[in-house]
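Undergrad: sequence isn't available, so here's the structure alone:
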Ligand code: ADP
Ligand code: MG
């Protein structure tokens with residue numbers, strides 16, 4: 001059987017899965033839509049639900065719904081879902097498992113291997129957490145690649161020779177920018193920069209803060225303590241934010257947001273742009289830094305590629321135009337491009353295709369520490385071994401020395417980051433080299449760093465005179481505390497055994513309409529919602545609400561007749577939210 005390797009964009013907000021089918025990389029629809037919300041929940045019966053269904057109950061059932069788990073990846077925390085608590089790796093594994101199983105259903109073939117993308121600025125711990133999530137979902141993660149690199153690969157495959165591109169990726173939770181050069185069939189990343197805590201979620205938060213303030217002024221009620229009200233605000237304001245990408249104004253109305261007063265707000269694009277400008281300025285600082293690192297200036301850039309949902313904000317495009325005098329563009333759907341690049345890389349690794357060769361880099365500097373007496377007293381400072389923007393895989397050594405005569409052991413500490421001082425960088429791990437020979441101070445120890453294609457570090461320290469070596473693949477904290485066996489037990493009640501769909505009788509029946517499984521679900525939801533909506537129309541509701549319900553039902557019917565699952569999905573979501581408030 002051919003070695004199928006899928007590509008997965010495991011996003012903060014949305015996730016996608018792509019695969020090479022007959023020489024073409026396609027993003028597969030999940031539940032009828034290529035974009036699956038990265039949302040995990042429990043339904044009223046305690047059954048695990050993932051994707052749009054979980055997103056739909058975000059407001060109705062906040063304690064049973066988890067959102068934006070990617071922001072917590074690599075942290076040693078547990079999040080509550082229903083009665084139990086789960087690690088970020090476990091929650092992420094539910095998302096990956098859903099993508100895998102939905103894809104298996106369509107391809108009628110088990111999927112065991114994947115390339116998964118992460119923000120370029122994800123550190124060691126976050127990368128390992130992503131690998132662990134893959135394993136928990138029953139996937140061998142054959143490669144972790146950086147999101148902007150995946151996007152570059154998808155663009156680069158069609159790019160002209162000798163083209164220099166900027167990939168600007170602003171998603172829900174993270175920002176990444178990369179300078180990419182395409183030459184002789186090689187897509188080479190020259191520099192990457194980013195911010196793992198900057199994205200559309202932050203724009204939503206600014207709007208929420210604004211609404212809370214307005215509400216307080218008007219009604220003297222503080223909504224900040226009211227988790228449920230805050231979630232409702234987040235949902236409506238995120239929607240209003242998207243409206244502001246196309247319209248100069250957006251009206252927001254939420255009834256009885258605090259149980260007594262309605263929230264009514266008109267947002268103006270101009271004001272909104274003033275709110276988010278400082279955040280967008282931060283993305284431009286990153287952008288200039290990555291150009292400087294690549295020894296380029298804006299005029300050397302031929303193309304700016306926009307990736308991620310938040311780049312649909314007109315101000316993003318406006319600022320790039322103003323600052324770079326370039327027309328940024330979306331040549332490939334900005335929501336799907338990262339998954340497509342991952343799918344391409346998967347098919348290259350599987351030996352199915354030979355398109356572009358990819359040269360990726362590390363966006364971080366990796367150092368060990370040594371004591372310096374430069375300023376009189378002995379201070380610990382970082383000795384860079386692998387500098388940022390070094391192509392991967394990278395293999396470099398430095399020598400450090402013992403401080404005392406007959407020093408029996410030496411501690412090797414490893415840091416990630418650009419600062420000279422260890423305390424300003426991220427600690428990656430440390431270990432002791434013991435049993436050193438009796439030697440005067442200055443006994444050389446060679447510290448060797450191997451950074452693999454996944455951006456994962458292996459460190460070896462060797463006493464030069466004896467060749468005594470101590471080698472570790474640095475076990476970072478995130479991994480340390482996540483025992484895979486325990487994690488499997490913890491999630492087993494929700495996911496049961498993995499049973500890849502074997503090609504066979506049952507599978508053959510669905511083969512004729514491969515994408516229909518998801519569509520079916522959407523249709524059923526639409527039918528349910530329609531019934532509930534019609535029941536409400538019989539009751540005593542306001543004419544405006546009645547109108548909105550009728551309109552939504554009408555729009556759903558139109559979407560169904562056009563087989564437009566994306567639109568149907570959106571209408572379902574809106575109607576479900578609306579019904580929920582009205583039925584209260
Ligand atoms: P991630 O990579 O984090 O999963 P996506 O690339 O899917 O994120 O982008 C999600 C973000 O894009 C969300 O913050 C969402 O609100 C925002 N977004 C989606 N569509 C628009 C739009 N039309 N205008 C502005 N922001 C948008
Ligand atoms: Mg993304």
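TA: Received it, and whenever you're ready, just let me know what you need. Please read these numbers as outputs of a predicted model, since none were measured by experiment. Ligands and ions are numbered 1, 2, ... in the order given.
Undergrad: how distant is stretch 17-29 from the center of its chain?
TA: For stretch 17-29, the gap between its own C-alpha mean and the chain's C-alpha mean amounts to 20 Å (CA atoms, centre = their mean, to the nearest Å).
Undergrad: in the stretch 401-550 of the chain, what residue comes closest to ligand 2?
TA: Minimum separation of the stretch 401-550 of the chain from ligand 2 (CB to the ion) falls at residue 455, amounting to 17.1 Å. All C-beta atoms are positioned from the backbone trio N, CA, C, and that covers glycine.
Undergrad: with the stretch 351-500 of the chain instead?
TA: Residue of the stretch 351-500 of the chain nearest ligand 2, by CB to the ion: residue 363 (16.1 Å).
Undergrad: picking up where we left off before, gap between the residue of the stretch 401-550 of the chain closest to ligand 2 and residue 219?
TA: 50 Å (CB to CB, to the nearest Å).
Undergrad: show me the strands in the stretch 201-350 of the chain, by range?
TA: Remark: strands assigned in the stretch 201-350 of the chain by DSSP state E, counting those that start in this stretch are 249-254, 263-268, 303-307.
Undergrad: quick one, which of those strands is nearest to ligand 1?
TA: Proximity to ligand 1, assessed across the strands of the stretch 201-350 of the chain by CB to the nearest ligand atom, is greatest for strand 303-307 (7.2 Å).
Undergrad: which helices and strands does the closest one pack with?
TA: With contacts defined as 3 or more CB pairs under 8 Å, 6 or more residues apart in numbering; DSSP states H and E, the secondary structure elements packing on strand 303-307 are helix 147-156, strand 163-170, helix 314-324, helix 337-349.
Undergrad: re earlier: count the residues that sit near the closest residue to the residue of the stretch 351-500 of the chain closest to ligand 2 other than its chain neighbours.
TA: Distances taken as CB to CB, 6 or more residues apart in numbering put residue 192 closest to residue 363, at 4.0 Å, once the chain neighbours are dropped. Per other CB atoms under 10 Å, the neighbour tally for residue 192 reads 31.
Undergrad: how about the residues of the stretch 251-400 of the chain by ligand 2?
TA: By CB under 5 Å from the ion, the residues of the stretch 251-400 of the chain that approach ligand 2 are residue 308.
Undergrad: ok, now which ones touch the residue of the stretch 251-400 of the chain found nearest ligand 1?
TA: Using CB to the nearest ligand atom, the single residue of the stretch 251-400 of the chain nearest to ligand 1 is residue 309, 2.4 Å away. By CB atoms under 8 Å, 6 or more residues apart in numbering, the contact list for residue 309 reads 13-14, 171-172, 200, 334-335.
Undergrad: TSV for those, including neighbour count?
TA: Below are the contacts of residue 309 laid out as TSV (neighbours: other CB atoms under 10 Å):
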residue	neighbour count
13	24
14	23
171	27
172	24
200	26
334	22
335	22
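Undergrad: still on that earlier bit, how about TSV for the helices and strands packed on strand 303-307, with mean neighbour count added?
TA: Shown next, in TSV, are the helices and strands packed on strand 303-307 (neighbours: other CB under 10 Å):
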stretch	mean neighbour count
helix 147-156	30
strand 163-170	25
helix 314-324	17
helix 337-349	29
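Undergrad: dump those to a markdown table, plus distance to residue 406.
TA: As requested, those are arranged in a markdown table below (distance: least, CB to CB, whole Å):
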| stretch | distance to residue 406 |
| --- | --- |
| helix 147-156 | 48 |
| strand 163-170 | 53 |
| helix 314-324 | 59 |
| helix 337-349 | 50 |
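Undergrad: turn the ones you listed into a markdown table, columns for mean pLDDT and distance to ligand 1.
TA: Formatted as a markdown table, the helices and strands packed on strand 303-307 follow (pLDDT from 0 to 100; distance: least, CB to the nearest ligand atom, whole Å):
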| stretch | mean pLDDT | distance to ligand 1 |
| --- | --- | --- |
| helix 147-156 | 86 | 7 |
| strand 163-170 | 91 | 8 |
| helix 314-324 | 90 | 9 |
| helix 337-349 | 93 | 7 |
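Undergrad: rewinding a little: now the helix or strand containing the residue nearest to residue 363: mean pLDDT?
TA: Assigning secondary structure by DSSP states H and E places residue 192 in strand 186-195. Looking at strand 186-195 alone, the average pLDDT works out to 87.
Undergrad: can you tell me which helices and strands that strand packs against?
TA: For strand 186-195, where contacts count as 3+ CB pairs under 8 Å, 6+ apart, the packed elements are helix 147-156, strand 175-183, helix 269-293, strand 357-359.
Undergrad: 10 Å instead, please
TA: The helices and strands touching strand 186-195, judged by 3 or more CB pairs under 10 Å, 6 or more residues apart in numbering; DSSP states H and E, are strand 140-146, helix 147-156, strand 163-170, strand 175-183, helix 269-293, strand 357-359.
Undergrad: deepest-packed of these, please.
TA: Using mean count of other CB atoms under 10 Å, the stretch among those with the greatest mean number of neighbours is helix 147-156 (a mean of 30).
Undergrad: quick check: angle from that one to strand 163-170?
TA: 130 degrees (axes from the mean of the first three to the mean of the last three CA atoms, to 10 degrees).
Undergrad: what's the spacing between residue 289 and residue 192?
TA: As judged by CB to CB, residue 289 and residue 192 stand 10 Å apart.
Undergrad: anything in contact with each of these two?
TA: The overlap between the contact sets of residue 289 and residue 192 (CB atoms under 10 Å, 6 or more residues apart in numbering) consists of residue 177.
Undergrad: low-confidence ranges in this structure?
TA: Low-confidence regions of the chain, defined by pLDDT under 70, span residues 1-2, 157-158, 353-357, 372-377, 470-481, 497-517, 561-563.
Undergrad: now do the domain split for it, please.
TA: Domains of the chain are assigned by automatic domain parsing as 1-155+334-353+478-506, 200-276, 366-476, 516-583.
Undergrad: for residue 293, find the nearest of the ones you listed.
TA: In terms of CB to CB, the element of the domains of the chain nearest to residue 293 is domain 366-476, at 5.4 Å.
Undergrad: centre of the chain versus the closest one, how much separation?
TA: Here domain 366-476 is found 31 Å from its chain centre; the criterion is CA atoms, centre = their mean.
Undergrad: phi first, then psi, for residue 455.
TA: Its backbone dihedrals place residue 455 at phi 80, psi 20, with angles given as degrees, to the nearest 10.
Undergrad: next up, the contacts around it.
TA: 118, 120, 122-124, 126-128, 143-146, 360-364, 392-394.
Undergrad: from ligand 1, how far off is it?
TA: Summarising the geometry, the distance separating residue 455 from ligand 1, computed by CB to the nearest ligand atom, to the nearest Å, is 18 Å.
Undergrad: and residue 238, by the same measure?
TA: Residue 238 sits 5 Å away from ligand 1, taking CB to the nearest ligand atom as the criterion.
Undergrad: not counting sequence-adjacent ones, nearest residue to that residue?
TA: Using CB to CB, 6+ apart, the nearest residue to residue 238 is residue 204, at 4.9 Å.
Undergrad: I'd say the one you found and residue 272 touch.
TA: No - assessed by CB atoms under 10 Å, residue 204 is found out of contact with residue 272, at 11.0 Å.
Undergrad: what touches both of those two?
TA: Overlap between the neighbourhoods of residue 204 and residue 272 consists of 240-241, taking contacts as CB under 10 Å, 6+ apart.
Undergrad: what does the chain put close to ligand 2?
TA: Proximity of the chain to ligand 2 is assessed by CB under 5 Å from the ion, with 11, 171, 308 identified as the residues in range.
Undergrad: the same query, at a cut-off of 6 Å, please.
TA: Taking CB under 6 Å from the ion as the criterion, the neighbours of ligand 2 within the chain are 9, 11, 147, 171, 308, 338.
Undergrad: that's all I had, so thanks and see you.
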